[in-house]
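# Predicted model, plus sequence, below.
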Amino acid sequence: MKINVSGFFCGDKRLCLNGLCVVGKEVLVFRENNVLKHFSRLGIERMGDVLVFAVCRLAARHGDGITVVTFKYFYVVNNKTFVNRNGYDCFEFSDRIADFTNSYIIDLHIGSPCVSSYVFIILSLFSYLCKRFFRNFIKFFSKKYHLRHEKNDFFIKYGMPFLSNRLFGGVYFIGIGGVSMSALANLLADAGVPVRGCDARESFFVRKLRARGIPVTVGEVPEAAISEPVIVYTEAVDRHTTLLEQAQKEGKEVLTRAMLLGEIAQAYPHVLSVAGCHGKTSATAMLAHIFSAAGMPFTCHIGGEDTAFGNYFSTGKEYFLTEACEFRRSFLSLKSEIAVVLNTDLDHTDCYASAEDLLNAYTRFAAAAQQVVVNAEDANAVRIPHALSFGVHTGDIRATRICANGEQYCFTVSEKGIPVTRIRLRVLGRVQMQNALAAYAAARLAGIPARTIAEGLEDFRGVKRRFEYAGTLNHIPVICDYAHHPAEMRAAIATAEGICRGTVRVVFQPHTYTRTRDLMADFVSVLRRAESPVVYRTYAARETFFWEGSAPALVSRVPEAVYVQSPHDLRRRLLETAQKDDLILVLGAGDIDEIVRGLLDKS
């Protein structure tokens, strides 16, 4: 039997070898016909010609046999079964061979049954180099190793990511201007995949994609204009749109954004995902800064614009850091090594019938991960089986000796009661302590030292539209925040009150009618806390108007609130009410950010 080693990576260099693969302290032997996989662990300290010869005898003598003979140099684990899981075959190891720590294998496929005569020299030289220079180059998954079957070849994934060949025929994105879709388009383009797309309107991300050479059409797209075999659409797009229906009739492969994200994630050796109703963008960006400080090769997919990294950034292909969105259960496409559940507040009531329904989805998301981090101060999240919990006042990872300077927090991280390191955040808001503790816990599970984590968190300068200073209106400072859920609004208002000497002037744009209707009581409670809040017309997103969830319906329940529906009326209202020492706080996930920035002072 011949196993073709299609690639070994050393930094950016790829070395191609053919022959039997014996690397480090692992031996892999395949039985081609019925996909039986034997994993063996070597029982000696070094690899040499004798050992290689023994393995070659094994391959030659038992190339397609049912049993494997045990040699004195190693023992063999035999008669294991496969469990199909989302297109991947998973092989679970027994405890005695679950402690593999190093591997230099990238991907393998079965070729013709022969053994190359020069394999001895190549393997001896390569094993010596690996043992001496690349000892910690790539780590195996703990206990689970993934196998992909495609066109009668079998690929084993331990190192640099691979993408399916079908994607290289071209991918067309419908809704490419979204923050996540544009990040995925950039990722595929960097991998050499031909990418194009369309969007309903011009945006910052559309312009950014065009600047790097990715064609984007704005407005109507003729059905015949899409020639790519794979089409990806955002969940915000109607799945019955003409473009998608025509593509399906033509036999094209149609994927949701979540499906593509899940496929990309599975191409990486290590996946860290962050879920939660709020905070996931900041926590994911914090992880990116932590991995950057640690010098660990990573690729990040962020649901917002980190001030340093943007929504997509890559220094290497070992760790994939991604935001995991709960909308329409998108995060269930992710199979993570480490999963974080920040909170489980009820949201997306157009997708979830109840809080229990949402919690079940979070539980399923966590169950697909090897290790889970949860918020100890969230009564529902803490019920999810987990490896670590975090919280400001409770949990395995918590904050102690908290100091605040104008909503900028400094604290000591305690691990199970033991003070470990001091962290000084450069972003505002008590809620950022929760996000930092979550990122800290996930990074610790990934093996990053506490001091390095602190350095990464201190390097984090925030995400655009997350309590971001936008400028001034009539010389009054304006802060823009993405908050569109009552809990997020409450946190943003509290942070603003902590830094404002006068009155916080709240401008809020409701996001979708169903959210406003189903969380009406909470929205009313938050807005009544503000002085004369301004409510802008609803950002409908994917929905159509109905009164019960409209902005006027919300204002009718908050007597001190004022409803406006044009930029001109908004500017006039703010100029009438905002005074010196006040602060204008703009809340919403729709187009209110763009509208307000158009009203700001020019100098």
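Cool, got the structure.
# In terms of helix, strand or coil, where does the spatially most central residue of the chain fall?
Residue closest to the mean C-alpha point of the chain, counted by C-alpha atoms, centre = their mean, is Thr322 at 1.0 Å. In three-state terms, and counting by DSSP: H, G, I helix; E, B strand; the rest coil, Thr322 is strand.
# can I assume it is in contact with Ala275?
No - contact criterion C-beta atoms under 8 Å: Thr322 and Ala275 do not qualify, at 9.9 Å. The way it works is simple: take the backbone N, C-alpha and C, and place the C-beta from them, glycine included.
# So which residues of the stretch 501-603 of the chain form helices?
513-518, 520-527, 551-555, 567-577, 592-597 (DSSP state H, counting those that start in this stretch).
# For these, give me a markdown table that also has mean neighbour count, distance to Asn311 and mean pLDDT.
Output for the helices of the stretch 501-603 of the chain, formatted as a markdown table (neighbours: other C-beta atoms under 10 Å; distance: least, C-beta to C-beta, whole Å; pLDDT from 0 to 100):
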| stretch | mean neighbour count | distance to Asn311 | mean pLDDT |
| --- | --- | --- | --- |
| helix 513-518 | 21 | 23 | 96 |
| helix 520-527 | 18 | 28 | 97 |
| helix 551-555 | 19 | 29 | 97 |
| helix 567-577 | 15 | 26 | 96 |
| helix 592-597 | 18 | 15 | 96 |
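# dump the residue contacts of the residue nearest to the centre of the chain.
Shown in contact with Thr322 (C-beta atoms under 8 Å, 6 or more residues apart in numbering): Leu261, Ala265, Val271, Leu272, Ser273, Val274, Thr284, Cys300, His301, Leu334.
# Is it possible to mark the buried ones in those residues?
Those of the contacts of Thr322 that meet the buried threshold are Leu261, Ala265, Val271, Leu272, Ser273, Val274, Thr284, Cys300, His301, Leu334, by 16 or more other C-beta atoms under 10 Å.
# Assumed the fifth one was part of a strand.
Yes - going by three-state DSSP, the assignment for Ser273 places it inside a strand.
# Now do the contacts for it.
Contacts for Ser273 (C-beta under 8 Å, 6+ apart) come out as Ala265, Leu321, Thr322, Glu323, Ala324, Phe331, Leu334, Ser336, Ile338, Ala339, Val340, Ala369.
# Excluding covalently adjacent residues, which one is nearest to the fourth one?
Closest residue to Glu323 apart from its sequence neighbours, by C-beta to C-beta, 6 or more residues apart in numbering: Gly303 at 4.1 Å.
# Buried residues of the host helix or strand of that neighbour, list them for me.
According to DSSP states H and E, Gly303 maps onto strand 298-306. Of all the residues in strand 298-306, those buried under the rule 16+ other C-beta under 10 Å are Phe298, Thr299, Cys300, His301, Ile302, Gly303, Gly304, Glu305, Asp306.
# again with stretch 215-222
Val216, Val221.
# Quick check: which ranges of the protein have low pLDDT?
1-162, 240 (pLDDT under 70).
# ok, longest strand in it?
As assigned by DSSP state E, the longest strand anywhere in the chain is strand 418-428.
# Given that one, what are its sheet partners and their directions?
strand 408-415 (antiparallel) (DSSP bridges).
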